[in-house]
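# following is a predicted model, sequence given first.
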Amino acid sequence: MIEIRHLKSLKAIAETGKLGLAAERVFLTQSALSHQIRALETHYEITLFKRNAQGLRFTTAGQRLLDLANELLPLIEKSERDLIRLKSDQSGELRIVLECHTCFDWLTPVMDAFRRAWPEVEIDLVAGFHSDPWWLLNECKADLVIGGLPEKVRDLQHQPLFKFEIMAVLPPDHSKRNKARFLAEDFSNETLITYPVPEERIDIIRNVLKPANIVFERRAAELTVAIMQLVASRRGVAALPSWGIQSYVDHEYVIAKPIGTKGLWSELYATGTQDMMTKPYAQDLLRIIKEVCANSLAGIKLL
């Protein structure tokens, strides 16, 4: 009766602590996940977990199955990779370029996990700022771009990774620091500090400020740390991914506010040529990105 899907579901429940979040991670509705768990409990006449104020707490029986999942699932994944290797030569090179080239902290554990899984594949980051990173794919100077969607996707394929919230970033003593949310008009006459990319590729400008006809100044900096320093020293405000600014917020160098009544959300994609996107090790990298980021980045939603 115990199936791999059950073990994956229990692992997701343990990692998220909530049925709704766990259901998203295993690509089920919450009702379908609840039905799956009830069927398992009915078959063995046991209770796998109980609800409390903090979320879900595994019973002794549930913990036993969770231990099985933690032991068995990595072995299954390794065996699947071994089968792929036996079928064909999977050595190669994987050069990654980030659209937000200084927001790479989350990628380090991903690359470490990938190297352990695919030691015969050389993985590396393409250094430097690139105003059009997708051009590097056509020039054979990169294999994958992690970022938004390019304006033209001709001859390229993309795969969604996760959604994330873009937050307004302010100095701690900003006059509007006590507002629960930053609305379009709150950016009026502010200096917006951004990466040096075209306005049409900047979510806050394209989706919030331009539609509301907000007048603002713009200043550019290539490095995230430089943007944070400018904001902290009251040179302006910024709008950046929540996962890219968390350490600065935790150290109280800056403060962050949701944008708009429903928040401003963006999506991260992997883009590459058809040949690269179909390679097993590239597909496994995208799986690892989702798995690692779901466990390490707060507030994201897997796609």
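Noted; the coordinates are in hand.
# for Leu33, give its distance to Arg115.
32 Å (CB to CB, to the nearest Å). For every residue, glycine as well, the C-beta is placed using N, CA and C.
# which of the two has more neighbours?
Of the pair Leu33 and Arg115, Leu33 is the one with more neighbours under other CB atoms under 10 Å, namely 21 against 12.
# helices of this protein, residue ranges please.
With DSSP state H, the ranges of helices along the chain come out as 4-16, 19-25, 30-44, 60-87, 107-117, 135-138, 203, 224-232, 242-250, 274-277, 280-296.
# nearest to Pro171, of those?
Minimum separation from Pro171 across the helices of the chain (CB to CB) falls at helix 224-232, 5.7 Å.
# flag every buried residue along the closest one.
By 16 or more other CB atoms under 10 Å, the buried positions in helix 224-232 come out as Thr224, Ile227, Met228, Gln229, Leu230, Val231, Ala232.
# what bits of the stretch 1-150 of the chain have low per-residue confidence?
Within the stretch 1-150 of the chain, the stretches with pLDDT under 70 are 84-91, 101-104.
# check the stretch 151-300 of the chain too.
For the stretch 151-300 of the chain (pLDDT under 70), the answer is 152-154.
# which residues does the most centrally placed residue in the chain bridge with?
With distances taken as CA atoms, centre = their mean, the residue of the chain nearest its centroid is Phe162 (4.7 Å). Going by DSSP bridges, Phe162 is paired in beta bridges with Leu268, Leu302.
# tell me which residues touch it, please.
Glu267, Leu268, Lys290, Cys293, Ala294, Leu297, Ile300, Lys301, Leu302, Leu303 (CB atoms under 8 Å, 6 or more residues apart in numbering).
# how close does the residue nearest to the last one when sequence neighbours are not counted get to Thr108?
In space, Leu303 comes closest to Pro160 once its chain neighbours are excluded; the distance is 3.5 Å by CB to CB, 6 or more residues apart in numbering. Shown here: Pro160 relative to Thr108, a distance of 22 Å by CB to CB.
# how near is the residue lying farthest from the centre of the chain to Leu7?
Most distant residue from the mean C-alpha position of the chain: Glu45, 38.2 Å away (CA atoms, centre = their mean). Distance from Glu45 to Leu7, counting by CB to CB: 19 Å.
# picking that back up, which ones are touching the residue nearest to Leu303?
Under the criterion of CB under 8 Å, 6+ apart, the contact list for Pro160 reads Glu267, Leu268, Tyr269, Leu303.
# of these - the most surrounded one?
Neighbour-wise, those (other CB under 10 Å) top out at Leu268, 24 neighbours.
# that residue reaches Gly148, doesn't it?
Yes: counting by CB atoms under 8 Å, Leu268 touches Gly148, with 7.4 Å between them.
# just send the helices of the chain back as CSV, with distance to Lys257 too.
Output for the helices of the chain, formatted as CSV (distance: least, CB to CB, whole Å):
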stretch, distance to Lys257
helix 4-16, 25
helix 19-25, 24
helix 30-44, 30
helix 60-87, 38
helix 107-117, 26
helix 135-138, 34
helix 203, 15
helix 224-232, 12
helix 242-250, 10
helix 274-277, 37
helix 280-296, 23
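# out of the ones you listed, nearest to Ala180?
helix 242-250 (15.6 Å).
# coming back round to it: closest to Ala184 out of the helices of the chain?
Using CB to CB, these put helix 203 closest to Ala184, at 12.7 Å.
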